[in-house]
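1. okay, sequence plus prediction incoming.
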Amino acid sequence: MDSIKTESKKYEFYWWGPLLIRFKISEETRKLFLDEANKSTADKSQDLAGILHKQVLFGDPKKFEKFFTGAFTIYQDAVKKWTNRSNNELYKLTDLWVNFQKANDFNPPHDHSGNLTFVIYLDIPDKLKEENKKYKGRSTGPGGITFLYGDGPREAITYRSFFPETGDILLFPSNFMYPHEVKEAKKGVRYSFVSWAF
């Protein structure tokens, strides 16, 4: 993983298949997203892959248009550094929802439509952090996220797996070559905010 400083944000990207970047949102923005998420009630479950307690459409994404424009600009900067080519693609937010992951909930391997997906982790409860620390396997464990890419030889990096922190945002390509999953947890409620853009 390398870190790069832009004028607006510091972000990390991971050496492996497609471009995956991660950075932190401000605590003020996180609280605004969480407040809006808790007000959201329109069920989105029938459209999504997750086996989750609650999946709802996000209330009013226009309130956060400036934030999303900034996040997309950061991703464009990362693409330029990753590929050594300009990325003049204009991203437009097309769908936005909130996942409330409770005990025994999970998200099986899946992808998204559109060109770009992001996930913002609004709250990672202490109980889930404790459960994850006790995990003894090689991947991320309960509540973590795993990205899969291709079936290369052993020396190829074909997956990334990690446990997110509250306030993390991940941006990555939506396409079918880039499935990802969320591991089942036994404790706490994980709030994540998901979308894709064209």
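-> Thanks, I have the structure now.

2. show me what the residue nearest the centre of the chain is bridged to.
-> Geometric centre of the chain, nearest residue: V119, 2.5 Å, by CA atoms, centre = their mean. Counting by DSSP bridges, V119 is bridged to L170, V194.

3. same for the longest helix along the chain, what does it pack against?
-> Criterion DSSP state H: the longest helix present in the chain is helix 65-83. Counting by 3 or more CB pairs under 8 Å, 6 or more residues apart in numbering; DSSP states H and E, the packing neighbours recorded for helix 65-83 are strand 2-5, strand 10-13, strand 21-24, strand 116-123, strand 168-173. No exception for glycine: its C-beta is placed from N, CA and C like everyone else's.

4. in stretch 127-141, what's buried?
-> The neighbour-count check on stretch 127-141 (16 or more other CB atoms under 10 Å) flags 128-129, 131-132, 140-141 as buried.

5. now those residues in CSV, with pLDDT?
-> As requested, those are exported to CSV (pLDDT from 0 to 100):
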residue, pLDDT
L128, 86
K129, 89
E131, 87
N132, 87
T140, 83
G141, 84
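
6. now, which of the residues you listed sits nearest F23?
-> T140 (18.8 Å; CB to CB).

7. how close does that closest one sit to E131?
-> Look at T140 and E131: by CB to CB, to the nearest Å, they are 12 Å apart.

8. on that earlier part again, which pLDDT value belongs to the residue nearest to the centre of the chain?
-> Per-residue pLDDT puts V119 at 87.

9. tabulate the helices and strands packed on helix 65-83 (CSV), appending distance to R85.
-> Formatted as CSV, the helices and strands packed on helix 65-83 follow (distance: least, CB to CB, whole Å):
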stretch, distance to R85
strand 2-5, 16
strand 10-13, 15
strand 21-24, 16
strand 116-123, 16
strand 168-173, 15
